[in-house]
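*Asks:* how would this look folded up:
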Amino acid sequence: MNNIYLLSNIKVEDSEVINLPVFDIKYIDVEINFNDYDALIFTSKNAIYSLEYFKKDYKKVPSYAIAKKTANILKKYNSNLVYTGISGHGDDFANEIKDKIKNKKVLYIRARKVVSNLINVLNCDDIIVYETICSKIKDISINKNAKIIFTSPSTIQCFFNRYKWDNSFTAICIGKTTASYLPKNIKFNISKETSINSCIELAKNI
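*Replies:* Okay, the predicted model is just below:
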C-alpha cells in the first residue's frame, strides 16, 4: 500500500509516492529594469520559471540562489550564478549573503507570499513574479498511517482547506519555516536537506 503523499506541483516518478498537487502556480508579468541592479536574489525555482516564461532579460545580473536546486535551475538557463546558499533557509540565507551584497543595488525576485524576513534583513528591493493558488482538483482519499510531505507553507494551507488531519498520519516538512505553519498539535519531522528527494527518503525510512 502506498502511504507517502507528496504535496507539490512537481510530479515525482516513484512507485512508492502518491503525487497530491494541492496548489497551482500562476506567473505574473511585471516590468523590471534589470540594468538598475547589481544583484538578484532567488529563493524559489518558480521565480526563475516566471522570468523565463515572460522572456525577461535577467541573465547578465549576478544571481544569488538559496540552495542547490534553485542554483541548478539558474545554471540550466545559463544565468550569472555567483553564490549558492548553504543553509537552505530564508533568514539564514539572508545572513549568509549580507556582507557579500553590501553597497550593491539588490532585487529579490519572489512569490506574492513569503514567510522569511529576508527583505528586512537585507533592506533590498523586491518584486512579485508568481503566486500560489489552491488547486480545485477532486479530493482523493488518504490511507491511514499516511506520511504527508509538506513542501511549503502554501501546501499546509491548501491541504487543511480540504482535508482533516488523522492522528495516524505522519507529517514531514521540507524545512523549519514550513514546519512552523503546521497546527501546534501536530508533531512533525524535518528533512536533512531542503529538497523533495530528502523528504521522500525520510518518509521511506520512518
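
*Asks:* now do the helices in the chain.
*Replies:* 45-53, 68-76, 90-97, 118-122, 153-162, 176-179, 196-205 (DSSP state H).

*Asks:* turn those helices into CSV, including distance to Val17, mean neighbour count and mean pLDDT.
*Replies:* The C-beta positions use only the backbone N, C-alpha and C, and glycine is treated the same way. Formatted as CSV, those follow (distance: least, CB to CB, whole Å; neighbours: other CB atoms under 10 Å; pLDDT from 0 to 100):
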stretch, distance to Val17, mean neighbour count, mean pLDDT
helix 45-53, 19, 20, 97
helix 68-76, 17, 17, 96
helix 90-97, 26, 20, 94
helix 118-122, 30, 17, 96
helix 153-162, 15, 19, 94
helix 176-179, 18, 19, 90
helix 196-205, 6, 17, 96
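
*Asks:* next, format the ones you listed as a markdown table and append distance to Thr84.
*Replies:* Converted to a markdown table, those look like this (distance: least, CB to CB, whole Å):
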| stretch | distance to Thr84 |
| --- | --- |
| helix 45-53 | 13 |
| helix 68-76 | 4 |
| helix 90-97 | 10 |
| helix 118-122 | 16 |
| helix 153-162 | 23 |
| helix 176-179 | 19 |
| helix 196-205 | 16 |
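
*Asks:* so which of the ones you listed comes closest to Ile140?
*Replies:* Closest approach to Ile140 among these (CB to CB): helix 153-162, 10.0 Å.

*Asks:* just the CA trace of the closest one, in CSV.
*Replies:* This file holds the C-alpha atoms of helix 153-162, laid out as CSV (Å, rounded to 0.1, in the frame of the first residue of the first chain):
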residue,chain,number,x,y,z
PRO,A,153,3.6,26.8,3.9
SER,A,154,1.2,27.1,1.0
THR,A,155,0.9,23.3,0.8
ILE,A,156,-0.1,23.3,4.5
GLN,A,157,-2.8,26.0,3.9
CYS,A,158,-4.2,24.2,0.9
PHE,A,159,-4.1,20.8,2.5
PHE,A,160,-6.0,21.8,5.6
ASN,A,161,-8.6,23.7,3.4
ARG,A,162,-9.6,20.3,2.0
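
*Asks:* other residues contacting that helix?
*Replies:* With CB atoms under 8 Å, 6 or more residues apart in numbering as the test, helix 153-162 has contacts from 7-8, 22-23, 113, 115, 132, 134-135, 139, 148, 150, 177-178, 181-183.

*Asks:* among those, which ones are in strands?
*Replies:* If you go by DSSP state E, those have Leu7, Phe23, Thr132, Cys134, Ile148, Phe150 in strands.

*Asks:* once you drop chain neighbours, what's closest to the first one?
*Replies:* Excluding the flanking residues, the one nearest Leu7 by CB to CB, 6 or more residues apart in numbering is Thr155, at 4.0 Å.

*Asks:* do you know the pLDDT at the residue most central in space within the chain?
*Replies:* Centre of the chain computed as the mean C-alpha position; nearest residue by CA atoms, centre = their mean is Ser44, 5.1 Å away. Ser44 is assigned 93 on the pLDDT scale.
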